[in-house]
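Participant: Quick one: sequence plus predicted model below, questions after.
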Amino acid sequence: MNSVTVSSGTSLTANVTIGADASLGLHDVSVTTGSEQATEFVPGPLTVVSSAAALGGGPSIASISPTLGALGQTLDVAIVGQNTSFADGVSTASFSGSGITVQSTQVTDATHASAHIVIANDAGLGFRDVSVETGPEQATLRTGFQVLATPPEVCGNCTDDDGDGMVDYEDSDCCSAPASMTIKAFKFKVSKKGTPSPLTIGISVPMTGIDPTSSDVELQLSNGNGEAFCALLTHGGWSKKKKSFKFSDKTGAAGGLSIGVLNFKKKGAIANLVLTGKRIDLSRFTDPSYTATLRIGSQCATGSKRKGH
């Protein structure tokens, strides 16, 4: 510490010299004023990097996935290196701070590795450095991983990952500003034996500039009991027919939906979508009130309807 210049009661500038042997990674920062001590909320926030990394050369970590994890989770974190020499049985991954245990590090090639980690229930929240050491080589991604109190919502897996009662594109984590759509038709039968039954749903939705031949379509149905049905209609199943788009799937991969038609009204401002399937398993649905959520590309909309109304 060379000097401290105070600008106000909440602002100061500290002039520091970082030694050549300083530890790389996040460093705590605190300010003491008499009996008062101010500290940071998350690990860090001062990050010390090697001179090679500061100049943009040398080994580094280009990206990791996932970048988020929650207390108590066990994850496999994929690591992509740059100018690295990862070697299986030699390279070891680590996360700064306490509460994240790396149980194993597996290497695919010189620039790809995977870390199997366990996040403790009492791990500190906030950002962590991710590093991979291979002998004398160290590659680091500063503040590349974040520890959250609850799991983040994973979009497209038909699961309420963060426990807020909303699945996938019902959740603002996946769709921050959904449009309001109208469910014009909603007909299905539930077999007493629990076997798959017919379903038809007609939707009017304010979406513009959409093209299902290049963007996947996802349909979700959910009810008050938390029961969910999700179907992914990939862009490969759609074709353009004059002013409309048609969907066809005979494999059952689209949740049982087999036929779909999408056309536009009012100069393309309103999209009308009808989807049907003869073998849709809704036997577990016991609440007659339903919410439908539709995603086409980056646009999404949601609406509700009670069966028979």
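Facilitator: Received the coordinates, thanks. Just so you know, these numbers come straight off a predicted model, no measurement behind them. Numbers count the residues shown, from 1 in each chain.

Participant: got the contact list for Thr13?
Facilitator: By CB atoms under 8 Å, 6 or more residues apart in numbering, the contact set of Thr13 is Val4, Thr5, Ser7. C-beta coordinates here come from the backbone N, C-alpha and C atoms, glycine included.

Participant: would it count as being in a strand?
Facilitator: Yes - assessed by DSSP: H, G, I helix; E, B strand; the rest coil, Thr13 belongs to a strand.

Participant: Can you tell me who it pairs with across the strands?
Facilitator: For Thr13, the beta-bridge partners are Thr5 (DSSP bridges).

Participant: ok, Ile119 touching Gly72?
Facilitator: Yes - look at Ile119 against Gly72 with CB atoms under 8 Å: they come within range, at 6.5 Å.

Participant: what about these two, which has more around it?
Facilitator: Using other CB atoms under 10 Å, the more surrounded residue of Ile119 and Gly72 is Ile119, with 21 against 14.

Participant: The more buried one: what's it in contact with?
Facilitator: Applying CB under 8 Å, 6+ apart to Ile119 gives the contacts Gly69, Ala70, Leu71, Gly72, Gln73, Thr74, Leu75, Gly99, Ile100, Val147.

Participant: same deal with Val130?
Facilitator: Counted by CB under 8 Å, 6+ apart, Val130 has contacts 61, 64, 77, 79, 93-96, 115, 140-141, 144-145.

Participant: I'd like those written out as CSV, with neighbour count, distance to Leu294 and pLDDT added.
Facilitator: CSV is the format used below for the contacts of Val130 (neighbours: other CB atoms under 10 Å; distance: CB to CB, whole Å; pLDDT from 0 to 100):
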residue, neighbour count, distance to Leu294, pLDDT
Ile61, 23, 37, 95
Ile64, 18, 32, 97
Val77, 22, 32, 97
Ile79, 28, 35, 97
Ala93, 24, 40, 97
Ser94, 19, 43, 96
Phe95, 22, 38, 97
Ser96, 22, 42, 94
Ala115, 24, 37, 97
Thr140, 21, 42, 93
Leu141, 22, 36, 94
Gly144, 20, 34, 95
Phe145, 24, 33, 96
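
Participant: Of those residues, which belong to strands?
Facilitator: When these are checked against strands (DSSP state E), the matches are Ile61, Ile64, Val77, Ile79, Ala93, Ser94, Phe95, Ala115, Thr140, Leu141, Gly144, Phe145.

Participant: Quick one: residues contacting the closest residue to the first one other than its chain neighbours.
Facilitator: The shortest distance from Ile61 to any non-neighbouring residue, by CB to CB, 6 or more residues apart in numbering, is to Leu141 (3.7 Å). Taking CB under 8 Å, 6+ apart as the contact definition, Leu141 lies against Ser60, Ile61, Ala62, Ser63, Ile64, Asp129, Val130, Ser131.
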